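S.K.: My questions are about this predicted structure, shown below with the sequence.
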Amino acid sequence: LDAAKAYGGRMGLGDLLAPAITHAKEGAIVTKSQARFTSEKLSELTHVPGFAQVFLFDGKPPDAGATLKQTALAATLEHLAHAGLDDFYRGDVGREIAGDLDRIGSLLTRSDLQRCRATLAEPLSVALDDGTVFNTPPPTQGLASLLILALFARLRVPQGEGFDHVHGLVEATKRAFAARDRMITDPDRLPQPIDRYLAAPFLDREVLAIDRRKAAPWRPSAGAGGTVWIGAADASGLVVSYLQSLYWEFGSGVVLPRTGVLMQNRGSSFSLDAGALNALEPGRLPFHTLNPALAVLADGRVIAYGTMGGDGQPQTQAAVFTRHVHYGVPLARAIDAPRWLLGRTWGSARGNLRMESRFADVLIERLGAAGHDVEVLPEGYSDLMGHAGAVVCHPDGTFEAGHDPRADGGAAGA
């Protein structure tokens, strides 16, 4: 909050939390996706501490359109509005969180909460012909998103939507994910300086490894998600690209009774192998997939964009960015257009190249002939492809925004 004020934020904490308090106290409408995911994950989550008491209605998943109230969470938010956000970790709320965690056998302690500190970090960036693209540093996968765009730009594909576009981005994704998986961990434990991966010598060498006609072998990583992207821009020129995540649909599923807090699940990216890049250790930050993007273009536009979807995040970002920025597709169409997914994402363990059914048969056949393990999904718009959004700030002061028809969200002016 202090950082937001330094950048011109004018709203107080009480005003910021007021809508959330109202929704928690008076109830929020259960969306179609929440109703569906609750039903799909019921057997896994029913007996997780606190889940059924909050997210089930008389022991059953709620119907879309039902009203979900979270009175304990409302009380916590009201307390924080008066006590300040530091109380969440080091005050009364932190004490209650630690007590509930101890009662269910969690290894997290109050001292762990007290040591937690938010940090301001310099973003990663890469210069393209179109402008400069920024993303988040380790322990996030922001590097992968930038690598995909930088490698694809070096392929000099003149036209979008054809084989060269999709194949080029898929092969760039393979190279980017390989670099990510051998590099990204807690920023204090990086095996090499991160900047070398975005420097011209590395990029020029990597692009030579991409076969423009044949698919390279692919071993999928274990990415997953449970995320929502939010973007905003104002008349002063301030643009925000933001991702929030629980990791999987309901995070850990654990709802703490005294505070109503739903615990996230990002610690699951740690490995129990002491020699692994992301080994579980005290005080270590877990690798995670969140990587909200922002681009400052040569023509004066500023674009905030992002998506949910684990390993799908960098791929969806690349699809939307190249369509809109490289090839001039209108923003709404760039988000709406059919998408693909290489590897695993949230809710799925498959590792092939999945494509929405709206792609042309001739393109699908050509990708298969090139060696891609293609699976055509039955849906024309699939949740597996993420829920993308973007906000564009034009040099003349006008704004443009778009959100995914695959999602419950939307775009609006205020």
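M.R.: The structure has been received and is ready for your questions.

S.K.: Next, the contact list for Thr46, please.
M.R.: Shown in contact with Thr46 (CB atoms under 8 Å, 6 or more residues apart in numbering): Ala52, Leu56. Quick note: C-beta positions are derived from backbone N, CA and C, even for glycine.

S.K.: Now the phi/psi pair for it, please.
M.R.: phi -50, psi -40 (degrees, to the nearest 10).

S.K.: measure it to Ala52 for me?
M.R.: Distance, Thr46 to Ala52, by CB to CB, to the nearest Å: 6 Å.

S.K.: Kindly report the same for Ser382.
M.R.: 29 Å.

S.K.: Kindly report the same for Ile210.
M.R.: Here the distance between Ile210 and Ala52 works out to 49 Å (CB to CB).

S.K.: can you check His82 too?
M.R.: Counting by CB to CB, the gap from His82 to Ala52 is 31 Å.

S.K.: Please apply the same query to Leu243.
M.R.: Taken as CB to CB, the span from Leu243 to Ala52 is 28 Å.

S.K.: Those two: which is more packed in?
M.R.: In this comparison of Leu243 against Ala52, neighbours counted by other CB atoms under 10 Å, the higher total goes to Leu243 at 22 against 18.

S.K.: Sticking with the more buried one, tell me its helix or strand.
M.R.: strand 239-245 (DSSP states H and E).

S.K.: Against which helices or strands is that strand packed?
M.R.: Under the contact criterion of 3 or more CB pairs under 8 Å, 6 or more residues apart in numbering; DSSP states H and E, strand 239-245 touches strand 227-233, strand 293-297, strand 302-306, strand 389-393.

S.K.: low-confidence ranges in the chain?
M.R.: 220-226, 344-350 (pLDDT under 70).

S.K.: run the last query once more with 80
M.R.: Along the chain, segments meeting pLDDT under 80 span 1-2, 219-228, 247-248, 344-351, 408-409, 414.

S.K.: In contact with Gly409, which residues?
M.R.: Shown in contact with Gly409 (CB under 8 Å, 6+ apart): Val228, His387, Gly389, His403.

S.K.: farthest pair in these?
M.R.: Val228 and His403 (10.8 Å; CB to CB).

S.K.: Any chance you could list residues touching both of these two?
M.R.: His387, Gly409.

S.K.: secondary structure class for Gly413?
M.R.: Here Gly413 is coil, with the state taken from DSSP: H, G, I helix; E, B strand; the rest coil.

S.K.: Now it: closest residue in space, sequence neighbours ignored.
M.R.: Phe399 (6.9 Å; CB to CB, 6 or more residues apart in numbering).

S.K.: ok, now which ones touch that neighbour?
M.R.: Contacts of Phe399 (CB under 8 Å, 6+ apart): Ala233, Val391, Val392, Cys393, Gly413.

S.K.: just checking, Phe359 touches Pro338?
M.R.: Yes - using CB atoms under 8 Å, Phe359 is in contact with Pro338, at 5.0 Å.

S.K.: Now do the helices in the stretch 151-300 of the chain.
M.R.: For the stretch 151-300 of the chain, the helices defined by DSSP state H, counting those that start in this stretch occupy 163-183, 200-208.

S.K.: list the buried ones in the last one?
M.R.: The neighbour-count criterion (16 or more other CB atoms under 10 Å) identifies Leu203, Glu206, Val207 as the buried residues of helix 200-208.

S.K.: How about the first one, nearest residue that isn't a chain neighbour?
M.R.: Closest residue in space to Leu203, ignoring its immediate chain neighbours: Ala150 at 5.2 Å, by CB to CB, 6+ apart.

S.K.: what's the neighbour count on that neighbour?
M.R.: 23.

S.K.: And it, how far from Pro191?
M.R.: With distances taken as CB to CB, Ala150 is found 21 Å from Pro191.

S.K.: Then Asp181?
M.R.: The gap separating Asp181 from Pro191 is 12 Å, by CB to CB.

S.K.: Need the overlap of contacts for these two.
M.R.: Among the neighbours of Asp181, those also in contact with Pro191 (CB under 8 Å, 6+ apart) are Leu277.

S.K.: Since that was my last question, I'll sign off now.
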